[in-house]
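S.K.: This is a predicted model, with the sequence first.
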Amino acid sequence: MKKALGVLGLLAVFAALTLAASMTQAADHLEAPAVAVDGRTDINDLYAFQSPSNADHTVLIMTVNPLAGVVSGTTLDNTARYRFVVDTDGDAVGDLDYQFKFGPPRADGRQKVKLFLNSDKIAQGWTGQDVPVEGGGLTRVDTHDDPFFFDFQAFLDQVKGSGGTRTFCDGTPTDFFAGFNTTAIVLELPSSALGKHIGVYAATTAGPDTIDRMGRPAIATVLIPDGSEDDFNRTAPSDDPAVWGPAVKASLLALSGGTYSDAELQALADILLPDILTVDTSDPAGFLNGRGLADDVIDIELGIVTNGGLTSDCVDANDAAFSSTFPYLAPANP
């Protein structure tokens, strides 16, 4: 952790460990029973944004291993594939499939990395190093500070009705994820290789089976009924509106206190599903145009799910500064 650990610090860490399993279901951390079994294939967050160091490039980032080194490990599953799936024609079906496969961890923790575009290998190297990609671009897989920031306990108490008394902006807003790490898969590519208007989602798969998937933040965590997250993860994004539209509208109606009209619920469901990040790669604007590391997605989504009843958790930035150069994430916490 960032602060020196005395007796009180150790007690705080113990408390965090005790609560971690129930308190990390934010963004997409440990949101479903199947992914909670193994943090290595649990997608925490997905980012897609124009590179701040090269406007002609697009950056894709997937984070896994929630609370890496505390609840999860820091290695990747060598039997799974980690995928950035890109839709280039707006039908919510992948046209470009960037798949990462990892070798078994060595004694020093490093793993061999292979990157495939559909079935063609386009990069090979090791975790912890920058690896060039055929056709241009760069990739890196490493442990970093978790870029997600959110007063999650206040969300549980004030929005989900968990029985606690914490409220947003109560004078002590707390970023639950401050000081924690995650494993990040970073891929930067020429935007010309992707297209101008694209959709992106991340997936972890084992053989033909999807373990986890994610597009926009908090869809599975907040809008899919508890107990249905595994079924949601196994649904093809193109089927999201038909399969999950009614559940999403019901969740929005409940969370907004019944203030949305039927027409408004349908309009929101049409935006939120399918669960894919839509990106204009020529535009540096952030969420809902893709998602940048510094985008305060929670403030935006609080306003959506509560119909303006809540507009901020008062946690406005990550606990560590992001970089303007590859791989853009903050360094790992000790």
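M.R.: All right, it came through fine.
S.K.: where along the stretch 51-200 of the chain do the helices fall?
M.R.: 152-154 (DSSP state H, counting those that start in this stretch).
S.K.: What segments of it are strands?
M.R.: Assigned by DSSP state E, counting those that start in this stretch, the strands in the stretch 51-200 of the chain fall at 57-64, 81-87, 96-102, 112-117, 120-126, 131-132, 138-145, 181-190, 197-206.
S.K.: shaky segments in the stretch 1-150 of the chain?
M.R.: For the stretch 1-150 of the chain, the stretches with pLDDT under 70 are 1-37.
S.K.: got the contact list for the closest residue in space to residue 39 that isn't next to it in sequence?
M.R.: Closest residue in space to residue 39, ignoring its immediate chain neighbours: residue 72 at 2.9 Å, by C-beta to C-beta, 6 or more residues apart in numbering. In short, each C-beta sits where N, CA and C put it, glycine included. Neighbouring residues of residue 72 by C-beta atoms under 8 Å, 6 or more residues apart in numbering: 39-40, 42, 64-66, 183.
S.K.: how about a cut-off of 6 Å?
M.R.: Residues near residue 72 by C-beta atoms under 6 Å, 6 or more residues apart in numbering: 39, 65-66.
S.K.: May I have the phi/psi pair for the nearest residue to residue 89 once chain neighbours are set aside?
M.R.: Nearest residue to residue 89, sequence neighbours excluded (C-beta to C-beta, 6+ apart): residue 95, at 6.5 Å. In terms of degrees, to the nearest 10, the main-chain angles of residue 95 are phi -110, psi -30.
S.K.: wait, residue 95 sits on residue 88?
M.R.: Yes. Residue 95 lies in contact with residue 88 (C-beta atoms under 6 Å); the separation is 4.4 Å.
S.K.: And the average pLDDT for the helix or strand harbouring residue 300 is what?
M.R.: According to DSSP states H and E, residue 300 maps onto helix 297-305. Averaging pLDDT along helix 297-305 yields 91.
S.K.: Can you give the contact residues for that helix?
M.R.: Outside helix 297-305, the residues that touch it by C-beta under 6 Å, 6+ apart are 150, 217-218, 255, 287, 310-313.
S.K.: if you look at the residues you listed, which of them are in helices?
M.R.: If you go by DSSP state H, the contacts of helix 297-305 have residue 255 in helices.
S.K.: Which ones among the contacts of helix 297-305 map onto strands?
M.R.: Per DSSP state E, strands hold no members of the contacts of helix 297-305.
S.K.: Tabulate the contacts of helix 297-305 in CSV, adding columns for distance to residue 127.
M.R.: Formatted as CSV, those follow (distance: C-beta to C-beta, whole Å):
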residue, distance to residue 127
150, 27
217, 25
218, 28
255, 39
287, 28
310, 39
311, 39
312, 37
313, 33
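S.K.: Buried ones among the contacts of helix 297-305?
M.R.: 150, 217-218, 255, 287, 310, 312-313 (16 or more other C-beta atoms under 10 Å).
S.K.: Which two among those are spaced furthest apart?
M.R.: Greatest spatial distance among the buried ones among the contacts of helix 297-305 (C-beta to C-beta): 255 and 287, at 19.0 Å.
S.K.: what about residue 326, how many neighbours?
M.R.: Neighbour count of residue 326, defined by other C-beta atoms under 10 Å: 19.
S.K.: er, residue 241 actually
M.R.: Residues near residue 241, counting by other C-beta under 10 Å, number 17.
S.K.: So which elements touch the host helix or strand of it?
M.R.: If you go by DSSP H and E, residue 241 is part of helix 240-255. Here helix 240-255 touches helix 262-272, going by 3 or more C-beta pairs under 6 Å, 6 or more residues apart in numbering; DSSP states H and E.
S.K.: And the helix or strand just after the helix it packs on, how far out from the chain middle?
M.R.: Counting by DSSP H and E, the next helix or strand C-terminal to helix 262-272 is strand 277-280. Chain-centre distance of strand 277-280: 15 Å, with C-alpha atoms, centre = their mean, to the nearest Å.
S.K.: Over to stretch 74-91?
M.R.: Relative to its chain's centre, stretch 74-91 lies at 12 Å (C-alpha atoms, centre = their mean).
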